[in-house]
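K.L.:
the sequence and its predicted three-dimensional model are supplied below.
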Amino acid sequence: MNGYGGRRTQAQRDAITVEIGYALFSAAFAAAVLFGAVAGPALLFALPDGLETVLLRTGLVLAPVVFTARVVGVLVRFRGRAQPSQPGRTNPDS
């Protein structure tokens, strides 16, 4: 009962689990790197108060945006690699 809402095989469930884990891990890494690049100077160096505030807030706003975009991007790409519903046909209109 594959396709159209049927049950998934164990291999399909494993692939989805691995893909979700990869999406979350890579998104967390990307968000941490971005936060470190933007807010890092404010945390490491003595900068003027206004500049420190701007850098920290910018990092705190951009990190969740990058995290969300990465997770969605990875999972949408994974969904796009699904097999055709009818073996041997590459175009749904064939």
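P.N.:
Looks like it arrived, so ask away.
K.L.:
distance check, the residue lying farthest from the centre of the chain against residue 22.
P.N.:
Largest separation from the mean C-alpha position in the chain: residue 48, at 34.1 Å (CA atoms, centre = their mean). From residue 48 across to residue 22, the span is 40 Å (CB to CB, to the nearest Å). All C-beta atoms are positioned from the backbone trio N, CA, C, and that covers glycine.
K.L.:
what's the helix or strand containing residue 23 packed up against?
P.N.:
Per DSSP states H and E, residue 23 falls inside helix 10-44. With contacts taken as 3 or more CB pairs under 8 Å, 6 or more residues apart in numbering; DSSP states H and E, helix 10-44 sits against helix 49-80.
K.L.:
report all helices and strands that the helix it packs on contacts.
P.N.:
helix 10-44.
K.L.:
pLDDT of the helix it packs on, averaged?
P.N.:
The pLDDT scores in helix 10-44 average 93.
K.L.:
any idea how far that helix is from the chain center?
P.N.:
In terms of CA atoms, centre = their mean, to the nearest Å, the centre of helix 10-44 is set 7 Å apart from its chain centre.
K.L.:
one step back: tell me which residues of the helix holding residue 23 come out buried.
P.N.:
For helix 10-44, burial by neighbour count (16 or more other CB atoms under 10 Å) applies to 19, 23, 27, 30-31, 34-35, 38-39, 42.
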